[in-house]
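Novice: quick check, what structure comes out for this input:
(one chain, ligands or ions: 1)
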Amino acid sequence: MPLWWGKQQVFENKAKISAVALLFCSQAFANDSVDVLHWWTSTSERGAVRFLQSKLLEDKIEWRDAAIPGGGGIGAMRVLKSRVLAGKQPAVAQLIGPAIAEWADLGLILELDNVAKNNAWPKTLSPTVNELLLHRGHTVAAPLGVHRINNLYYNAKLFRELGIAEPKTMDDFKRAALRLSAANITPLGQSTEAWQVATLFETLVLMEGGPAFYRDVFVRRNANAYLDPKFARALNRLRQMRAYTAYASNKSQRELSWTDIAQQFANGQVGMVIMGDWFKGELLTMGQKLEQQFACTTVPNTQNYHLYSIDSFVMFSGDYSQQTAQEKVAQLMVSPAIQQGYNRIKGSVSVRRDLDQKALAAMDRCAQSSWQTFNRGKAMQAPSLVHRMAADEKFKDAMVAQIQKFYLDDSISVQENQQRMAAMVRALNIQEGNTEQ
Ligand code: BGC
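Specialist: Below is the predicted model of the structure:
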(Lines give C-alpha, C1' and ligand atoms only; values in the text may rest on other atoms or scores of the structure.)
Protein backbone atom coordinates (compact mmCIF):
# COMPACT_ATOMS: atom_id res chain seq x y z
CA MET A 1 0.00 0.00 0.00
CA PRO A 2 1.56 3.39 -0.98
CA LEU A 3 2.46 5.55 2.01
CA TRP A 4 0.45 8.49 0.70
CA TRP A 5 -2.87 6.64 1.09
CA GLY A 6 -5.21 8.39 3.52
CA LYS A 7 -7.51 6.61 5.95
CA GLN A 8 -10.54 7.18 3.77
CA GLN A 9 -8.85 5.65 0.78
CA VAL A 10 -7.83 2.61 2.80
CA PHE A 11 -11.40 2.19 3.97
CA GLU A 12 -12.86 2.53 0.47
CA ASN A 13 -10.37 0.14 -0.89
CA LYS A 14 -11.07 -2.40 1.83
CA ALA A 15 -14.77 -2.12 1.04
CA LYS A 16 -14.08 -2.69 -2.64
CA ILE A 17 -11.86 -5.63 -1.87
CA SER A 18 -14.54 -7.20 0.36
CA ALA A 19 -17.21 -6.69 -2.30
CA VAL A 20 -14.99 -8.31 -4.90
CA ALA A 21 -14.14 -11.05 -2.39
CA LEU A 22 -17.79 -11.65 -1.72
CA LEU A 23 -18.54 -11.87 -5.41
CA PHE A 24 -15.56 -14.10 -5.93
CA CYS A 25 -16.55 -16.17 -2.92
CA SER A 26 -20.11 -16.83 -3.99
CA GLN A 27 -18.80 -17.86 -7.41
CA ALA A 28 -16.06 -19.92 -5.89
CA PHE A 29 -18.47 -21.20 -3.27
CA ALA A 30 -20.51 -23.02 -5.81
CA ASN A 31 -18.38 -24.95 -8.23
CA ASP A 32 -21.47 -26.57 -9.61
CA SER A 33 -25.04 -25.64 -9.79
CA VAL A 34 -27.96 -28.01 -10.18
CA ASP A 35 -31.49 -27.21 -11.17
CA VAL A 36 -33.91 -29.01 -8.80
CA LEU A 37 -37.59 -29.55 -9.61
CA HIS A 38 -39.88 -30.43 -6.71
CA TRP A 39 -43.26 -29.68 -5.17
CA TRP A 40 -42.22 -28.37 -1.80
CA THR A 41 -43.77 -24.94 -1.41
CA SER A 42 -45.30 -24.80 2.07
CA THR A 43 -43.40 -22.96 4.81
CA SER A 44 -41.88 -26.09 6.35
CA GLU A 45 -41.18 -27.61 2.94
CA ARG A 46 -39.36 -24.43 1.94
CA GLY A 47 -37.50 -24.55 5.24
CA ALA A 48 -36.40 -28.10 4.46
CA VAL A 49 -35.24 -26.97 1.01
CA ARG A 50 -33.27 -24.08 2.52
CA PHE A 51 -31.58 -26.53 4.86
CA LEU A 52 -30.63 -28.76 1.93
CA GLN A 53 -29.41 -25.75 -0.04
CA SER A 54 -27.13 -24.66 2.79
CA LYS A 55 -25.75 -28.16 3.28
CA LEU A 56 -25.03 -28.59 -0.43
CA LEU A 57 -23.37 -25.19 -0.54
CA GLU A 58 -20.90 -26.40 2.09
CA ASP A 59 -19.83 -28.81 -0.64
CA LYS A 60 -19.83 -26.05 -3.22
CA ILE A 61 -22.99 -27.14 -4.97
CA GLU A 62 -25.68 -24.58 -5.64
CA TRP A 63 -29.28 -25.92 -5.59
CA ARG A 64 -31.22 -23.77 -8.10
CA ASP A 65 -34.80 -24.04 -7.08
CA ALA A 66 -37.68 -24.94 -9.40
CA ALA A 67 -40.58 -25.40 -7.00
CA ILE A 68 -44.00 -26.16 -8.49
CA PRO A 69 -46.92 -25.58 -6.10
CA GLY A 70 -49.53 -28.25 -5.50
CA GLY A 71 -49.76 -30.65 -2.57
CA GLY A 72 -48.96 -34.23 -3.48
CA GLY A 73 -46.99 -33.14 -6.56
CA ILE A 74 -49.74 -33.14 -9.19
CA GLY A 75 -48.54 -29.90 -10.84
CA ALA A 76 -44.87 -30.82 -10.54
CA MET A 77 -45.34 -34.06 -12.47
CA ARG A 78 -47.02 -32.17 -15.33
CA VAL A 79 -44.26 -29.57 -15.46
CA LEU A 80 -41.61 -32.30 -15.40
CA LYS A 81 -43.20 -33.99 -18.42
CA SER A 82 -43.36 -30.80 -20.44
CA ARG A 83 -39.82 -29.79 -19.53
CA VAL A 84 -38.45 -33.16 -20.60
CA LEU A 85 -40.43 -33.01 -23.86
CA ALA A 86 -38.95 -29.57 -24.51
CA GLY A 87 -35.44 -30.94 -23.87
CA LYS A 88 -35.09 -28.84 -20.70
CA GLN A 89 -34.97 -31.53 -18.08
CA PRO A 90 -33.80 -30.51 -14.61
CA ALA A 91 -30.56 -31.99 -13.25
CA VAL A 92 -32.45 -33.23 -10.20
CA ALA A 93 -36.16 -33.94 -9.78
CA GLN A 94 -38.41 -35.13 -7.00
CA LEU A 95 -39.78 -38.44 -8.21
CA ILE A 96 -41.23 -41.07 -5.98
CA GLY A 97 -42.49 -44.65 -6.08
CA PRO A 98 -43.23 -46.56 -9.31
CA ALA A 99 -42.89 -43.32 -11.30
CA ILE A 100 -39.13 -43.71 -10.81
CA ALA A 101 -39.21 -46.94 -12.84
CA GLU A 102 -41.46 -45.36 -15.51
CA TRP A 103 -38.88 -42.61 -16.11
CA ALA A 104 -35.92 -44.96 -15.78
CA ASP A 105 -37.49 -47.17 -18.49
CA LEU A 106 -37.10 -44.24 -20.88
CA GLY A 107 -33.35 -44.29 -20.25
CA LEU A 108 -33.25 -40.71 -19.00
CA ILE A 109 -32.18 -41.29 -15.42
CA LEU A 110 -28.60 -41.39 -14.17
CA GLU A 111 -27.54 -44.64 -12.51
CA LEU A 112 -26.17 -44.05 -9.04
CA ASP A 113 -24.62 -47.49 -8.50
CA ASN A 114 -21.24 -46.13 -7.45
CA VAL A 115 -22.76 -43.82 -4.87
CA ALA A 116 -24.88 -46.66 -3.51
CA LYS A 117 -21.93 -49.03 -3.37
CA ASN A 118 -19.42 -46.59 -1.89
CA ASN A 119 -21.87 -45.55 0.80
CA ALA A 120 -23.18 -49.05 1.55
CA TRP A 121 -26.80 -48.09 0.82
CA PRO A 122 -28.07 -51.70 0.68
CA LYS A 123 -26.82 -52.13 4.27
CA THR A 124 -27.61 -48.74 5.74
CA LEU A 125 -31.01 -48.05 4.17
CA SER A 126 -34.27 -49.67 5.30
CA PRO A 127 -34.94 -52.52 2.82
CA THR A 128 -38.21 -51.02 1.49
CA VAL A 129 -36.38 -47.76 0.81
CA ASN A 130 -33.57 -49.53 -0.97
CA GLU A 131 -35.96 -51.54 -3.15
CA LEU A 132 -37.73 -48.37 -4.25
CA LEU A 133 -34.50 -46.98 -5.62
CA LEU A 134 -33.71 -50.00 -7.75
CA HIS A 135 -34.55 -50.42 -11.39
CA ARG A 136 -33.36 -53.53 -13.23
CA GLY A 137 -30.69 -54.00 -10.58
CA HIS A 138 -29.42 -50.40 -10.76
CA THR A 139 -29.86 -47.67 -8.16
CA VAL A 140 -31.61 -44.79 -9.90
CA ALA A 141 -32.73 -42.47 -7.09
CA ALA A 142 -31.60 -40.99 -3.80
CA PRO A 143 -33.96 -41.10 -0.81
CA LEU A 144 -34.52 -38.32 1.70
CA GLY A 145 -37.23 -39.24 4.18
CA VAL A 146 -40.00 -41.64 5.14
CA HIS A 147 -43.37 -40.03 5.74
CA ARG A 148 -46.11 -41.76 7.69
CA ILE A 149 -49.68 -41.05 6.60
CA ASN A 150 -51.81 -42.72 9.29
CA ASN A 151 -51.40 -39.96 11.87
CA LEU A 152 -54.01 -38.28 14.00
CA TYR A 153 -53.19 -34.76 15.15
CA TYR A 154 -55.21 -33.19 17.91
CA ASN A 155 -55.26 -29.86 19.68
CA ALA A 156 -53.70 -30.90 23.00
CA LYS A 157 -54.53 -27.62 24.74
CA LEU A 158 -58.18 -27.85 23.80
CA PHE A 159 -58.36 -31.53 24.67
CA ARG A 160 -56.98 -30.73 28.12
CA GLU A 161 -59.46 -27.90 28.61
CA LEU A 162 -62.37 -30.05 27.52
CA GLY A 163 -61.16 -33.10 29.44
CA ILE A 164 -60.79 -35.27 26.33
CA ALA A 165 -58.25 -38.10 26.40
CA GLU A 166 -56.05 -39.02 23.43
CA PRO A 167 -58.26 -41.15 21.15
CA LYS A 168 -57.02 -44.75 21.03
CA THR A 169 -60.08 -46.43 19.55
CA MET A 170 -62.77 -45.33 17.11
CA ASP A 171 -65.16 -45.05 20.04
CA ASP A 172 -62.75 -42.63 21.72
CA PHE A 173 -62.52 -40.75 18.44
CA LYS A 174 -66.32 -40.44 18.21
CA ARG A 175 -66.58 -39.30 21.82
CA ALA A 176 -63.89 -36.68 21.20
CA ALA A 177 -65.72 -35.52 18.07
CA LEU A 178 -69.01 -35.13 19.93
CA ARG A 179 -67.35 -33.25 22.76
CA LEU A 180 -65.67 -30.87 20.29
CA SER A 181 -68.93 -30.35 18.43
CA ALA A 182 -70.70 -29.50 21.66
CA ALA A 183 -68.02 -26.85 22.25
CA ASN A 184 -68.71 -25.41 18.78
CA ILE A 185 -65.44 -26.62 17.33
CA THR A 186 -65.35 -28.49 14.04
CA PRO A 187 -64.13 -31.95 15.13
CA LEU A 188 -62.16 -32.88 12.02
CA GLY A 189 -60.25 -30.52 9.74
CA GLN A 190 -60.56 -31.95 6.24
CA SER A 191 -60.44 -30.50 2.76
CA THR A 192 -62.62 -31.72 -0.09
CA GLU A 193 -59.62 -31.61 -2.43
CA ALA A 194 -59.30 -34.97 -4.20
CA TRP A 195 -55.87 -36.02 -2.92
CA GLN A 196 -56.72 -35.01 0.63
CA VAL A 197 -59.99 -36.95 0.66
CA ALA A 198 -58.21 -39.97 -0.79
CA THR A 199 -55.39 -39.64 1.76
CA LEU A 200 -57.99 -39.97 4.51
CA PHE A 201 -59.65 -42.84 2.69
CA GLU A 202 -56.51 -44.92 2.22
CA THR A 203 -55.93 -44.65 5.98
CA LEU A 204 -59.45 -45.98 6.53
CA VAL A 205 -58.82 -48.92 4.18
CA LEU A 206 -55.76 -49.75 6.27
CA MET A 207 -57.82 -49.38 9.45
CA GLU A 208 -60.51 -51.77 8.20
CA GLY A 209 -58.38 -54.33 6.44
CA GLY A 210 -54.76 -54.13 7.66
CA PRO A 211 -51.73 -54.12 5.31
CA ALA A 212 -52.49 -57.42 3.52
CA PHE A 213 -55.98 -56.30 2.45
CA TYR A 214 -54.67 -52.82 1.64
CA ARG A 215 -52.11 -54.32 -0.76
CA ASP A 216 -54.75 -56.52 -2.32
CA VAL A 217 -56.79 -53.42 -3.11
CA PHE A 218 -54.18 -50.91 -4.19
CA VAL A 219 -51.07 -52.85 -5.16
CA ARG A 220 -52.37 -56.16 -6.54
CA ARG A 221 -55.54 -54.39 -7.78
CA ASN A 222 -57.74 -57.35 -7.09
CA ALA A 223 -61.13 -56.12 -8.33
CA ASN A 224 -62.95 -58.52 -6.01
CA ALA A 225 -61.36 -56.87 -2.99
CA TYR A 226 -63.37 -53.75 -3.87
CA LEU A 227 -66.53 -55.78 -3.33
CA ASP A 228 -65.33 -57.04 0.05
CA PRO A 229 -67.23 -55.99 3.20
CA LYS A 230 -63.99 -54.47 4.51
CA PHE A 231 -63.94 -52.08 1.58
CA ALA A 232 -67.60 -51.27 2.21
CA ARG A 233 -66.77 -50.52 5.83
CA ALA A 234 -63.97 -48.14 4.79
CA LEU A 235 -66.38 -46.28 2.49
CA ASN A 236 -68.96 -46.05 5.26
CA ARG A 237 -66.32 -44.71 7.60
CA LEU A 238 -65.38 -42.07 5.06
CA ARG A 239 -68.96 -40.80 5.06
CA GLN A 240 -69.02 -40.91 8.87
CA MET A 241 -65.82 -38.90 9.00
CA ARG A 242 -67.32 -36.37 6.63
CA ALA A 243 -70.07 -35.74 9.18
CA TYR A 244 -67.37 -34.37 11.53
CA THR A 245 -66.00 -31.89 9.01
CA ALA A 246 -67.05 -28.37 8.00
CA TYR A 247 -68.38 -29.78 4.73
CA ALA A 248 -71.27 -31.37 6.66
CA SER A 249 -72.75 -27.92 7.32
CA ASN A 250 -71.36 -25.97 4.37
CA LYS A 251 -71.27 -27.81 1.07
CA SER A 252 -70.23 -24.79 -0.94
CA GLN A 253 -66.88 -24.27 0.76
CA ARG A 254 -63.91 -23.99 -1.62
CA GLU A 255 -61.29 -26.73 -1.64
CA LEU A 256 -58.81 -25.85 1.07
CA SER A 257 -55.11 -26.57 0.70
CA TRP A 258 -53.49 -28.72 3.39
CA THR A 259 -51.73 -25.63 4.72
CA ASP A 260 -55.12 -23.87 5.08
CA ILE A 261 -56.16 -26.84 7.22
CA ALA A 262 -52.94 -26.48 9.24
CA GLN A 263 -53.84 -22.83 9.82
CA GLN A 264 -57.36 -23.74 10.95
CA PHE A 265 -55.93 -26.37 13.26
CA ALA A 266 -53.38 -23.97 14.77
CA ASN A 267 -56.15 -21.36 15.26
CA GLY A 268 -58.27 -23.85 17.19
CA GLN A 269 -61.04 -23.82 14.57
CA VAL A 270 -60.77 -27.58 14.12
CA GLY A 271 -59.88 -30.08 16.85
CA MET A 272 -58.35 -33.02 14.94
CA VAL A 273 -56.73 -33.71 11.59
CA ILE A 274 -55.74 -36.98 9.89
CA MET A 275 -52.79 -36.34 7.58
CA GLY A 276 -49.25 -37.31 6.60
CA ASP A 277 -46.57 -36.11 8.99
CA TRP A 278 -45.52 -33.24 6.72
CA PHE A 279 -48.42 -31.71 8.68
CA LYS A 280 -46.36 -31.95 11.89
CA GLY A 281 -43.42 -30.29 10.09
CA GLU A 282 -45.70 -27.42 9.10
CA LEU A 283 -47.14 -26.97 12.59
CA LEU A 284 -43.68 -26.92 14.14
CA THR A 285 -42.53 -24.34 11.59
CA MET A 286 -45.58 -22.25 12.50
CA GLY A 287 -44.24 -22.21 16.06
CA GLN A 288 -46.76 -24.69 17.47
CA LYS A 289 -45.31 -26.61 20.40
CA LEU A 290 -45.58 -30.38 20.30
CA GLU A 291 -47.32 -31.90 23.36
CA GLN A 292 -48.19 -28.43 24.69
CA GLN A 293 -50.34 -27.05 21.88
CA PHE A 294 -50.79 -30.07 19.68
CA ALA A 295 -50.08 -33.76 19.91
CA CYS A 296 -49.87 -36.59 17.45
CA THR A 297 -50.75 -40.22 17.62
CA THR A 298 -51.70 -42.91 15.13
CA VAL A 299 -55.21 -43.18 13.70
CA PRO A 300 -57.18 -45.72 15.83
CA ASN A 301 -56.60 -49.37 14.91
CA THR A 302 -53.55 -48.55 12.81
CA GLN A 303 -50.96 -48.14 15.57
CA ASN A 304 -48.96 -51.18 14.44
CA TYR A 305 -49.03 -50.20 10.79
CA HIS A 306 -47.12 -47.75 8.73
CA LEU A 307 -48.80 -46.20 5.69
CA TYR A 308 -45.76 -44.74 4.02
CA SER A 309 -44.60 -42.33 1.38
CA ILE A 310 -40.88 -42.07 0.73
CA ASP A 311 -39.49 -38.88 -0.75
CA SER A 312 -36.73 -39.39 -3.26
CA PHE A 313 -34.94 -37.56 -6.05
CA VAL A 314 -33.69 -38.75 -9.42
CA MET A 315 -30.93 -37.22 -11.51
CA PHE A 316 -31.54 -36.69 -15.23
CA SER A 317 -28.47 -37.85 -17.13
CA GLY A 318 -28.65 -35.34 -20.03
CA ASP A 319 -25.17 -35.12 -21.58
CA TYR A 320 -23.57 -36.38 -18.33
CA SER A 321 -21.83 -33.01 -17.82
CA GLN A 322 -23.27 -32.72 -14.31
CA GLN A 323 -22.69 -36.28 -13.21
CA THR A 324 -20.10 -35.46 -10.53
CA ALA A 325 -22.30 -32.85 -8.88
CA GLN A 326 -25.37 -35.06 -9.18
CA GLU A 327 -23.58 -37.98 -7.53
CA LYS A 328 -22.44 -35.70 -4.74
CA VAL A 329 -26.03 -34.50 -4.20
CA ALA A 330 -27.23 -38.11 -3.97
CA GLN A 331 -24.49 -39.02 -1.53
CA LEU A 332 -25.14 -36.00 0.69
CA MET A 333 -28.89 -36.60 0.82
CA VAL A 334 -28.35 -39.90 2.61
CA SER A 335 -25.57 -38.65 4.92
CA PRO A 336 -26.43 -38.81 8.65
CA ALA A 337 -26.15 -35.04 9.17
CA ILE A 338 -28.56 -34.19 6.34
CA GLN A 339 -30.90 -37.02 7.30
CA GLN A 340 -31.19 -35.74 10.84
CA GLY A 341 -31.57 -32.04 10.09
CA TYR A 342 -33.81 -32.40 7.07
CA ASN A 343 -36.25 -34.91 8.55
CA ARG A 344 -36.68 -32.85 11.69
CA ILE A 345 -37.90 -29.90 9.62
CA LYS A 346 -39.90 -31.96 7.15
CA GLY A 347 -41.77 -34.09 9.71
CA SER A 348 -40.57 -37.37 8.20
CA VAL A 349 -38.04 -39.87 9.56
CA SER A 350 -34.66 -41.09 8.41
CA VAL A 351 -34.38 -43.52 5.51
CA ARG A 352 -31.43 -45.13 7.34
CA ARG A 353 -31.90 -48.14 9.53
CA ASP A 354 -28.62 -47.67 11.41
CA LEU A 355 -29.78 -44.98 13.85
CA ASP A 356 -28.20 -45.20 17.29
CA GLN A 357 -29.93 -44.61 20.65
CA LYS A 358 -28.81 -40.98 20.69
CA ALA A 359 -30.35 -40.24 17.29
CA LEU A 360 -33.54 -42.01 18.34
CA ALA A 361 -33.76 -40.16 21.63
CA ALA A 362 -33.49 -36.86 19.74
CA MET A 363 -36.74 -37.66 17.88
CA ASP A 364 -40.24 -36.83 19.19
CA ARG A 365 -42.54 -39.70 20.15
CA CYS A 366 -44.40 -39.73 16.81
CA ALA A 367 -41.15 -39.80 14.86
CA GLN A 368 -39.83 -42.59 17.09
CA SER A 369 -43.01 -44.60 16.62
CA SER A 370 -42.90 -44.00 12.87
CA TRP A 371 -39.27 -45.07 12.50
CA GLN A 372 -39.65 -48.11 14.75
CA THR A 373 -42.85 -49.35 13.12
CA PHE A 374 -41.46 -48.82 9.64
CA ASN A 375 -38.34 -50.79 10.49
CA ARG A 376 -40.34 -53.71 11.86
CA GLY A 377 -40.63 -54.83 8.25
CA LYS A 378 -42.96 -55.31 5.32
CA ALA A 379 -45.82 -57.00 7.18
CA MET A 380 -46.43 -53.71 9.02
CA GLN A 381 -46.04 -51.49 5.97
CA ALA A 382 -48.62 -50.26 3.48
CA PRO A 383 -47.51 -48.15 0.48
CA SER A 384 -49.55 -44.98 0.00
CA LEU A 385 -51.65 -44.97 -3.15
CA VAL A 386 -52.21 -41.24 -3.14
CA HIS A 387 -48.56 -40.44 -2.46
CA ARG A 388 -47.39 -42.57 -5.36
CA MET A 389 -46.02 -45.63 -3.63
CA ALA A 390 -48.54 -48.27 -4.69
CA ALA A 391 -49.44 -47.85 -8.36
CA ASP A 392 -48.83 -45.93 -11.56
CA GLU A 393 -50.20 -42.41 -12.06
CA LYS A 394 -53.13 -43.47 -14.23
CA PHE A 395 -54.47 -45.97 -11.73
CA LYS A 396 -53.88 -43.60 -8.83
CA ASP A 397 -55.61 -40.68 -10.58
CA ALA A 398 -58.63 -42.80 -11.49
CA MET A 399 -59.05 -44.11 -7.94
CA VAL A 400 -58.49 -40.73 -6.31
CA ALA A 401 -61.08 -39.06 -8.57
CA GLN A 402 -63.71 -41.70 -7.83
CA ILE A 403 -63.13 -41.53 -4.08
CA GLN A 404 -63.66 -37.78 -4.18
CA LYS A 405 -66.85 -38.22 -6.27
CA PHE A 406 -68.20 -40.64 -3.69
CA TYR A 407 -67.26 -38.27 -0.88
CA LEU A 408 -69.07 -35.33 -2.44
CA ASP A 409 -72.11 -37.02 -3.92
CA ASP A 410 -74.58 -38.65 -1.54
CA SER A 411 -76.56 -40.09 -4.42
CA ILE A 412 -73.77 -42.67 -4.91
CA SER A 413 -74.39 -45.50 -2.46
CA VAL A 414 -71.57 -47.48 -0.88
CA GLN A 415 -72.53 -50.56 -2.87
CA GLU A 416 -72.75 -48.64 -6.11
CA ASN A 417 -69.37 -47.11 -5.49
CA GLN A 418 -67.87 -50.53 -4.81
CA GLN A 419 -69.25 -51.78 -8.13
CA ARG A 420 -67.95 -48.71 -9.97
CA MET A 421 -64.47 -48.97 -8.52
CA ALA A 422 -64.30 -52.73 -9.14
CA ALA A 423 -65.30 -52.14 -12.78
CA MET A 424 -62.72 -49.38 -13.16
CA VAL A 425 -60.03 -51.63 -11.71
CA ARG A 426 -60.96 -54.47 -14.11
CA ALA A 427 -60.83 -52.11 -17.08
CA LEU A 428 -57.47 -50.62 -16.03
CA ASN A 429 -56.04 -54.09 -15.39
CA ILE A 430 -57.06 -55.24 -18.88
CA GLN A 431 -55.61 -52.10 -20.47
CA GLU A 432 -52.33 -52.57 -18.69
CA GLY A 433 -52.06 -56.33 -19.06
CA ASN A 434 -52.38 -56.94 -15.30
CA THR A 435 -53.76 -60.46 -14.99
CA GLU A 436 -55.44 -59.72 -11.64
CA GLN A 437 -59.23 -59.70 -12.06
C1 BGC B 1 -44.83 -35.69 -0.19
C2 BGC B 1 -44.41 -34.77 0.94
C3 BGC B 1 -45.13 -33.44 0.82
C4 BGC B 1 -46.62 -33.68 0.75
C5 BGC B 1 -47.44 -32.41 0.65
C6 BGC B 1 -46.34 -35.78 -0.26
O7 BGC B 1 -46.71 -36.51 -1.40
O8 BGC B 1 -44.29 -36.98 -0.01
O9 BGC B 1 -43.03 -34.56 0.91
O10 BGC B 1 -44.79 -32.62 1.91
O11 BGC B 1 -46.91 -34.49 -0.36
O12 BGC B 1 -47.10 -31.68 -0.47
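
Novice: mind checking which helix or strand the closest residue to Ser33 other than its chain neighbours is in?
Specialist: Distance criterion CB to CB, 6 or more residues apart in numbering; nearest residue to Ser33, sequence neighbours excluded, is Glu62 at 3.9 Å. All C-beta spots, glycine's among them, are computed from the backbone N, C-alpha and C. Element membership of Glu62, judged by DSSP states H and E, is strand 61-67.

Novice: hang on, the earlier thing: tell me how many other residues crowd the residue nearest to Ser33.
Specialist: Here the count is done by other CB atoms under 10 Å, and Glu62 has 19 residues near it.

Novice: begin at 65 from now on, thanks
Specialist: That works, and once the first residue is 65, the last one we named lands at Glu126.

Novice: now do the contacts for it.
Specialist: Contacts for Glu126 (CB atoms under 8 Å, 6 or more residues apart in numbering) come out as 93-94, 96-98, 117, 120.

Novice: can you name the two of the residues you listed that sit furthest apart?
Specialist: By the measure CB to CB, Phe93 and Val98 form the most distant pair in the contacts of Glu126, at 14.1 Å.

Novice: who has more neighbours, those two?
Specialist: Neighbour count, other CB under 10 Å: between Phe93 and Val98, Val98 has more, with 19 against 13.

Novice: touching, that one and Gln390? I think so.
Specialist: Yes. Counting by CB atoms under 8 Å, Val98 sits close enough to Gln390 to count as a contact (6.6 Å).

Novice: what do these two both touch?
Specialist: 155-156.

Novice: and the stretch 265-414 of the chain, which residues reach the ligand?
Specialist: Contact residues, the stretch 265-414 of the chain versus the ligand (CB under 6 Å from any ligand atom): 342, 373, 375.

Novice: quick one: contacts for the closest residue to the ligand within the chain?
Specialist: Distances between the chain and the ligand by CB to the nearest ligand atom are smallest at Trp342, namely 3.4 Å. By CB under 8 Å, 6+ apart, the residues touching Trp342 are 106, 108-109, 211, 322, 410-412.

Novice: what's the domain layout of this protein?
Specialist: Structural domains assigned to the chain are 96-209+374-430, 215-371+443-495, following automatic domain parsing.

Novice: could the ones you listed go into CSV alongside mean pLDDT and distance to Gln436?
Specialist: Below are the domains of the chain laid out as CSV (pLDDT from 0 to 100; distance: least, CB to CB, whole Å):
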stretch, mean pLDDT, distance to Gln436
domain 96-209+374-430, 95, 8
domain 215-371+443-495, 97, 9
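
Novice: give the contact list for Lys442.
Specialist: 191-192.

Novice: distance of it relative to Thr188?
Specialist: Using CB to CB, to the nearest Å, Lys442 is found at 18 Å from Thr188.

Novice: same check, this time on Leu149
Specialist: Plainly put, Leu149 is 36 Å away from Thr188 if you go by CB to CB.

Novice: what number of residues lie near Ile138?
Specialist: The burial count for Ile138: 17, using other CB under 10 Å.

Novice: ok, it - contacts?
Specialist: Here Ile138 is in contact with Trp259 (criterion: CB under 8 Å, 6+ apart).

Novice: ok, which stretches of the stretch 165-314 of the chain are helices?
Specialist: For the stretch 165-314 of the chain, helices defined by DSSP state H, counting those that start in this stretch occupy the ranges 177-182, 185-188, 191-197, 220-226, 234-246, 258-282, 293-306.

Novice: so which of these is the most surrounded?
Specialist: helix 258-282 (a mean of 23; mean count of other CB atoms under 10 Å).

Novice: other SSEs contacting that helix?
Specialist: Packing partners of helix 258-282 (3 or more CB pairs under 8 Å, 6 or more residues apart in numbering; DSSP states H and E): helix 293-306, strand 334-338, strand 370-379, strand 445-447, helix 457-472.

Novice: mind putting those in JSON lines, distance to Phe438 included?
Specialist: As requested, the helices and strands packed on helix 258-282 are exported to JSON lines (distance: least, CB to CB, whole Å):
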{"stretch": "helix 293-306", "distance to Phe438": "22"}
{"stretch": "strand 334-338", "distance to Phe438": "18"}
{"stretch": "strand 370-379", "distance to Phe438": "5"}
{"stretch": "strand 445-447", "distance to Phe438": "7"}
{"stretch": "helix 457-472", "distance to Phe438": "21"}
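
Novice: between the ones you listed, which gets nearest to Ala491?
Specialist: Judging the helices and strands packed on helix 258-282 by CB to CB, what sits closest to Ala491 is helix 457-472, at 9.0 Å.

Novice: give me the angle between that closest one and helix 258-282.
Specialist: Counting by axes from the mean of the first three to the mean of the last three CA atoms, to 10 degrees, helix 457-472 lies at 110 degrees to helix 258-282.

Novice: pull out the buried residues from helix 457-472.
Specialist: Judged by neighbour count using 16 or more other CB atoms under 10 Å, the buried positions of helix 457-472 are 459-460, 462-464, 466-468, 470-471.

Novice: before we move on, what about stretch 433-443?
Specialist: Applying 16+ other CB under 10 Å to stretch 433-443 flags 433-435, 437-439 as buried.

Novice: please apply the same query to stretch 359-371.
Specialist: 359-366, 369-371.

Novice: which elements pack onto the helix or strand hosting Tyr406?
Specialist: For Tyr406, the host element (DSSP H and E) is helix 400-410. Counting contacts by 3+ CB pairs under 8 Å, 6+ apart, helix 400-410 is packed against helix 107-122, strand 206-212, helix 342-349.

Novice: so the longest one versus strand 370-379, what angle?
Specialist: Counting by the same axes, to 10 degrees, helix 107-122 lies at 40 degrees to strand 370-379.

Novice: list the buried residues for helix 107-122?
Specialist: So, applying 16+ other CB under 10 Å, buried residues of helix 107-122: 108-109, 111-113, 115-116, 119-120.

Novice: reformat the buried residues of stretch 359-371 as CSV; add secondary structure.
Specialist: Output for those, formatted as CSV (DSSP: H, G, I helix; E, B strand; the rest coil):
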residue, secondary structure
Ala359, strand
Cys360, strand
Thr361, strand
Thr362, strand
Val363, coil
Pro364, coil
Asn365, coil
Thr366, coil
Tyr369, coil
His370, strand
Leu371, strand
